[in-house]
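> sharing a model prediction with you, sequence too.
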Amino acid sequence: MGPFETVAKGKKKAMRSIILSTAARFLMPMILLFSAFLLLRGHNLPGGGFVGGLIAAAAFGLYLLAFDVQETRRLLRIDPRTLVGLGLLVVLGSGLTGWFKGKPFLTALWGRYRLTGFLHIEIGTPLIFDAGIYLVVLGSAMTMLLALAEED
Amino acid sequence: MISLPALPILIPFGTASLCLISLKRPRLQRLAAVLGAVAHLICALALLTATCRQGYLVLQAGDWPAPFGISLVADLFSSLMITLAAITGTAITFYALAGIDSGRESFGFYPFLHLLLMGVCGCFLAGDLFNLYVWFEVMLMASFILLALGGERGQLEGGVKYVILNLVASAFFLTALGILYGLVGTLNMADIARHLQTAEQSGLVSALAMLFLVAFGIKAALFPLFSWLPASYHTPPVAVSAVFAGLLTKVGVYALVRAFTLLFIRDISFTHELILVLAAMTMLTGVLGAVCQDGFRRILSFHIISQVGYMIMGLGIFTPLALAGTVFYIVHHIIVKTNLFLVSGVAHKLRSTEDLNRLGGFLSTAPFLSILFLIPALSLAGLPPLSGFWAKFFLIWASFEEKRYLIGALGLLVGALTLISMTKIWLKAFWGTVPAAHPERHAHQKKLPPGKTALFYLPMISLALLTLTIGLWPGLLFELAQQAASQLLDPNRYIQAVLGVTL
Amino acid sequence: MEILMALVVGGLYGTGVYLLLRPTPVKVIIGLAILTNAVNLLIFTAARLTRGHPPIVEETLGRPSYPIADPVPQALVLTAIVIAFGVLAFTLVLFRRAAETTEADNLDEMRTTDT
Amino acid sequence: MGYAICSVFLLALLAPGLTRIAKPVSGWLMAALPLTLCVYFLSMLDATAGGLTLQVTWPWLPDLGIRLSFFLDGLSLLFAVLVCGVGAVIMIYSADYLADHKCLGSFFLFLNLFMASMLGLVLADNLITLFVFWELTSLTSFFLIGFDHDRDKARSSALQALLVTGVGGLALLAGLILVGEAAGTLELSELLQSGDLIRQHAWYVPIVLLVATGAFAKSAQFPFHFWLPNAMEAPTPVSAYLHSATMVKAGIYLLLRLSPILGQTALWHGMLETVGGVTMLGSILMAIRQTDMKRLLAYTTISSLGTMVFLIGLDIPLSIAAAISYMLAHVLYKASLFLITGIIDHATGSRDLSALGGLFGKMPVIGLVAILAALSMAGAAPFLGFVGKELFYEVVLMAPRAAPLSILAALLTSIFMVTSAALLTVRPFFGPARSDRLPHGPVATNLWLGPLLLAGAGTLAGVFIGIIDKSLLAPAVSAVQPGHSVKPLALWHGFTPVLAFSILTLASGIAVYFRCDWYRAWTENWSRRHHYGAETCYERLYSGLFTIASRLTLIIQNGRLRNYLLTVFISATVLVSSTLLWNGGIRFPTVWTSVNFGDLILAGIILAAAYVTSRVGHRLVAIVAMGVIGYGIALIFAQLGAPDLAMTQFSIETMTVLLFILIFHRLPLFSRLAPRRAMRFDAVVATAAGLLMTALTLAAVSGPTDKRLADFFAKQSVPAAHGRNIVNTILVDFRALDTLGEIAVLGMAGVGVWALLKLWPKERRKP
């Protein structure tokens, strides 16, 4: 017996479902925010697109446990496989930007932008690259999870 | 163009991404796949002409200087291999338009095919050992999925063996790579080569060479490490096994050639002698395996093994002519083997069986297919004046020149055995009549799906014409192969091209 | 420490190999997972060990001031871990499908595609 | 000259189309080109008779000395004329002979391909060019023998011929490569001057053996002779053209061609004499046992080929002239007899000597032609065969070595040849007529024209031997033996011992003819008891090959994953460790990082968990133990300055364990334990592999280390890559290409899992 079967049976027991679904609704945005935070800080501190993407997938996984496949799909809005394709394209695009400066593939470009007063933000193609990784990891993990969940 | 060496990787990558996004729109997906394949071919040819002119094309990814970033290096050997990968890829893409069922199509056949091409081209271009590992894995992952896609029983059973043995090979590769990094502290292949020329622990280096030999040997299907190949290659749809047959083992061969011409050349009397022994065993066991098979694709699969033996033979002899022979052989083999698998696919489509004991009469029912079979089959067997004759001829000449009569004689003998198994197919499936025991299912020929006949035949005709061209005018390719060999035999030029330093 | 790590590498390698040779699918995959772990640890060890000192530059400095752990093997192992995970996940599902389709309860029964 | 060959190739490609358009005249259409070429070559007579050779060269693989080069001298001219002349006759004949066959077009295709290849072979200057055409003739012969591919016998005979001549061809190739290596050139015209160089070369013996093997296989010499009678499965015009007149002569041509280069040694003479002698005698003894006319002709062909080889081998200047004139006679009468056999077969439906009789009254012209040809075969005057046989005797009587044996063999061969000739004409044409084996109607002109022309040529050539000798034969001989002046040939030599031999031969041959049935019965009896020979050897070898191959493959490719893996692990371990030991062992590190108590505990836990996974009988426990190993390693990473790694390892390990738990219940239980012995063996292999890895790891850390990469990244991370986490800057910037590949793998894994779970084959779709 797999956990998804357990969940399926458990769904009939309303009690558990309510606790889990409430928790999921509440935790879900928090975890997603945390994953975004991990993505952004990865360049300077432990973290990065990969771990961020995994955590995001965990958030949707939790939602999947609490609700069902259809609900999760609806929440995700976009087909996870398309997400993989998009992520790969983002990665490719971030690598290609170097061409505009006549540099080889994957050459990083950085820009320094002033937000307000003293606050500066540094944005570079490696961050976009990392975001692409985030998308691919999320998409791939969700593809697997949804497929496995539908099987059971 | 500054990024030309990256394009053979990027174009399939982009194509695959686009196909993934349009999984649910089959027409769009097919269009992307075809355009991507053609673009890949064009840029591969551009790369080939560029390397012909300049010798080496080096791209430092991310603009980081050589031993620190990742280098993509295209020498003549690489660009030849990439051109072949692109040719195969294009042929298979067209063939797949007709030959792949809609189920596999909507479950990602095209993206995986193109990611496979990306991995293969990455392997050919990688100038960095770890990067080579990564491309190996890209190629493997794509091949795992393509092999299993569809979930037929045979596919899954063969897939299990294929996957496990190839992963073990990857583990060996990674092990050897880790130790090598510990030893020389660098990953760039040119840099490693430079360090290994003066490395202290020569015993350890030779042991590492053995570890690489095993790791790449599994992927190249050398004796006795080839078992995964005959277990799996005949199980997936023909479009898949054709691309496998043409390209995958050749990546292993490429890696072996690269490693044993660039990195491990200090103890040639040991390493290359061993390679020669392995080559002999590989040729012989492969062809004997082929002789006793009764399935169309099984025979062809075993032949891949014996042909890999020939390619490695050139590496073992290690003279300019021998290496030129190896390069020539690889080129010839990829074209011919892919084509033979495609022919077997049409045969299967016509009669729904691959068992030679149930096939027959193709000469009268499909005469054009018979010609398309004969050209690559006779070329594979090494009959003049087809491409396979020259390929074998160069190697045998090289072996006699080096007074290695035994391996040369074996090469000739294996050629004869190849002829036996090729004529076996011809005698049974083309000349013979359908055996009386199974007339009802296989005697009457099905029609190819309407409107798709051209898509089936176009790749086969093109590949057959290529074989003929190489056979009748071997000079041009031989010239290229010779230049490639002379580059391979001069690692210092490679090191200089990548690192920009002289030794 | 090196000898300890080398022993762990050897032990895991041996276990991985032993498990791969079992006829039961689950054990084979566990063996594969352990083998990849062993290899990762080997890369990490072979590139020399440094206790503490992660390869992160402090906020105020332009470059690390003390001897740091070699970041290269870390990056390599990280890549290898992720790749291995992807491959392992697929392998697991493949074995499951193979077991379901062939209804064989061990790998020795999956022999129809050979010879 | 090159264009001549090209034109025939072109005709071959056009042949199916032409045949379809103009079927009734297709034979004449096909014959036009060879006739023209024949005239063209004859027009070169004057040029070559003066010793001049014409050369044409195109570059092919100039780096290896391989050119598409041709030359024409007396010898190649003679062969070229024969190829084209007989070819034209065969074309005309075939169009009628195979008029009802639905594949006449492809028949002409292959026949023309053959003719082009054969022309290329005899005209080639470059040895590799020669070899290419050599193999092409074998190949076209394969397709022509198996032309009626519905019959099993035709297919297997075609294969046999291809394999025997093909394997011979490979030997030849090896020999030619050695020649090229030894002499530094592949051009025959240059090699002719460097005979001494090769004869003194260390490779001389292998060269001769290899080249001779190729020639013998092609020319059906003992012990390769058996393919030729089986090749009679081919349509009769093919047998006449390929398997008596031209292709089998390729070996003779090669031996003639190379005898100035390789000849004049004891090895050359001894081998050719022995093989030729055994073949000519052995096969003529086989010949008169046959009742099938084609098989009888085949065996006599082998015998004649043996005679030619024997003659080339004899160490006497005149012998080359003898061989060449014997060959010319043979081509003319044998092709004619084959074609007549075809006519009889067509008309009566049989070519069995014991079933035929009395045909002369029904087809007198054919009968007359047959008699002309047979007389030439028997060596009666004034036919060309007479000249050939006279020279044969003359040369044998001068033989320096083993003279009595040679004379005996020559005498017996010629006697039985007379008998065979008698069998071929008297049996079918005279004697009592068989009512069930009578011709259905008149024989078409196109059919009898060919044999008549050939037999007539044989007669005329005999009568006007002087002209033929001067224009055709002498230039050919002098091409082989430059500088030798050979005495002109003539029919009448006066009363010499040779004449006595000739008369004796004719008389005894006819005598033997009357005891033929007795001989046949006796040999039948004998061969039933003694059942071995070259063909049996071939068959044993052929089937033995399959047995060995399948046994070996069953051992190697046995379908058990465990065996495959064992092979891999054992070969890796043995290779690596033996190399390590062989090359001076390994060094151990001198500098150690400190160990603390926590590390020891951690290592202990990991190893214990590893042990548990290998021993435990419960799946869930094994999975948990695997997780423990992963987390333990994560902790090690955390300890040793790799937080990113630890974090990733931790999350990945969690994912892995989850995945296992999701899936393992669908996998079979730990149902079957391997036998104890196997487990012990596996444990030994595993331990060896583990120890090796420990040793390698220690060796890797033993030397000095180079931290250039780490230093560079540490320096550049903040200023150039704008990030303080060096590992992350490596992943997304310095080595971003790796990461690109990595996520491609990960993305594929996700989609792949989905595809694998969702896509089922049609017949097994999940409910």
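Happy to help now that I have it. Here the structure is a predicted model, which means the values were calculated and not measured.
> low-confidence stretches in chain D?
By pLDDT under 70, the weakly predicted segments of chain D are D:51-52, D:401-402, D:435, D:437, D:440, D:485-486, D:529-532, D:585, D:670-674, D:763-767.
> swap in chain A?
Regions of chain A meeting the criterion pLDDT under 70 cover residues A:1-16, A:115, A:117, A:119, A:152.
> let me see the ranges of the strands in it.
Along chain A, the segments classed as strands by DSSP state E run A:110-114, A:120-124.
> from chain A, which residue is nearest to chain B?
A:Gly85 (3.2 Å; C-beta to the nearest C-beta). In short, each C-beta sits where N, CA and C put it, glycine included.
> hmm, back to that, please identify the deepest-packed of the strands of chain A.
A comparison of these by mean neighbour count, using mean count of other C-beta atoms under 10 Å in any protein chain shown, puts strand A:120-124 on top with a mean of 13.
> sheet partners, orientation included, of that one?
Using DSSP bridges, the strands paired with strand A:120-124 in its sheet are strand A:110-114 (antiparallel).
> is it correct that D:Glu535 is in contact with D:Phe226?
Yes - between D:Glu535 and D:Phe226 there is a contact under C-beta atoms under 8 Å: 3.8 Å.
> more neighbours, those two?
D:Phe226 (23 against 15; other C-beta atoms under 10 Å in any protein chain shown).
> give the contact list for the more buried one.
D:Gln160, D:Val164, D:Gly533, D:Ala534, D:Glu535, D:Tyr538 (C-beta atoms under 8 Å, 6 or more residues apart in numbering or on different chains).
> how about the strand or helix carrying the first one and chain B, any contact?
The reference is to D:Gln160. With elements taken from DSSP states H and E, the one containing D:Gln160 is helix D:152-183. Yes - using C-beta under 8 Å from any C-beta of the partner chain, helix D:152-183 comes into contact with chain B via D:155, D:159, D:162-163, D:166-167, D:170-171, D:173-174, D:177-178, D:181.
> next, count neighbours for the residue of chain A found nearest chain D.
Taking C-beta to the nearest C-beta, chain D has its nearest neighbour within chain A at A:Ser140, 2.9 Å off. Neighbours of A:Ser140 under the rule other C-beta under 10 Å: 31.
> also D:Phe514?
Residues lying near D:Phe514 (other C-beta under 10 Å) number 10.
> what of C:Arg96?
24.
> kindly export stretch B:198-207 (C-alpha atoms) in PDB.
The C-alpha coordinates for stretch B:198-207 follow below in PDB (Å, rounded to 0.1, in the frame of the first residue of the first chain):
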ATOM      1  CA  THR B 198      55.100  14.500 -16.600                       C
ATOM      2  CA  ALA B 199      53.000  12.900 -13.900                       C
ATOM      3  CA  GLU B 200      54.900  11.000 -11.200                       C
ATOM      4  CA  GLN B 201      52.800   8.100 -10.300                       C
ATOM      5  CA  SER B 202      53.000   6.400 -13.700                       C
ATOM      6  CA  GLY B 203      51.600   3.100 -12.200                       C
ATOM      7  CA  LEU B 204      48.500   4.900 -11.000                       C
ATOM      8  CA  VAL B 205      48.100   6.700 -14.300                       C
ATOM      9  CA  SER B 206      48.200   3.300 -16.100                       C
ATOM     10  CA  ALA B 207      45.700   1.900 -13.700                       C
END
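> the bottom helix or strand of chain B by mean pLDDT?
Least confident helix or strand of chain B, by mean pLDDT, DSSP states H and E, is helix B:439-442 with a mean of 54.
> immediately after that helix, which helix or strand?
Next helix or strand after helix B:439-442 toward the C-terminus (DSSP H and E): helix B:453-472.
> run through the neighbouring helices and strands of that following helix.
Counting contacts by 3 or more C-beta pairs under 8 Å, 6 or more residues apart in numbering or on different chains; DSSP states H and E, helix B:453-472 is packed against helix B:76-99, helix B:320-351, helix B:367-381, helix B:387-401.
> give the contact list for the residue of chain A closest to chain D.
A:Ser140 makes contacts with A:Pro80, A:Val84, C:Gly86, D:Leu746, D:Gly747, D:Ala749, D:Gly750, D:Val751, as judged by C-beta under 8 Å, 6+ apart.
> and it, how far is that from C:Val17?
A:Ser140 sits 30 Å away from C:Val17, going by C-beta to C-beta, to the nearest Å.
> before we move on, the earlier item: counting contacts, what elements does the helix holding D:Gln160 pack onto?
Judged by 3+ C-beta pairs under 8 Å, 6+ apart, helix D:152-183 is in contact with helix B:387-401, helix B:405-425, helix D:127-145, helix D:188-191, helix D:195-199, helix D:204-218, helix D:227-230, helix D:534-556.
> just to revisit the earlier point, Serialize the strands of chain A to CSV and add fields for distance to D:Leu552.
Below are those laid out as CSV (distance: least, C-beta to C-beta, whole Å):
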stretch, distance to D:Leu552
strand A:110-114, 63
strand A:120-124, 60
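> quick check: which of these is nearest to D:Leu669?
Closest approach to D:Leu669 among those (C-beta to C-beta): strand A:120-124, 52.7 Å.
> off-centre distance for that closest one?
Centre-to-centre, strand A:120-124 and its host chain are 22 Å apart (C-alpha atoms, centre = their mean, to the nearest Å).
> got it, and stretch B:494-503?
Stretch B:494-503 sits 29 Å away from the centroid of its parent chain (C-alpha atoms, centre = their mean).
> what residues does that stretch touch?
Contacting residues not belonging to stretch B:494-503 are listed as B:55-56, B:58, B:66-67, B:71, B:73, B:75, B:127, B:188-191, B:193-194, B:197, B:262, B:487, B:492 [C-beta under 8 Å, 6+ apart].
> and the residues you listed, which are buried?
With neighbours counted by 16 or more other C-beta atoms under 10 Å in any protein chain shown, the contacts of stretch B:494-503 contain buried members at B:56, B:58, B:66-67, B:71, B:73, B:75, B:127, B:188-191, B:193-194, B:262, B:487.
> in stretch C:41-56, what counts as buried?
For stretch C:41-56, a neighbour-count test (16+ other C-beta under 10 Å) marks C:41-50, C:54-56 as buried.
> my error: substitute stretch B:449-456 in the last question.
B:Leu455, B:Phe456.
> residues contacting that stretch, please?
Contacts for stretch B:449-456 (C-beta under 8 Å, 6+ apart): B:Phe94, B:Tyr95, B:Leu97, B:Ala98, B:Gly99, B:Leu342, B:Gly345, B:Val346, B:Lys349, B:Leu448.
> how about the residues of the stretch 451-600 of chain D by chain C?
Counting by C-beta under 8 Å from any C-beta, the residues of the stretch 451-600 of chain D near chain C are D:553-554, D:557-562, D:565-566, D:569, D:589, D:592-595, D:599-600.
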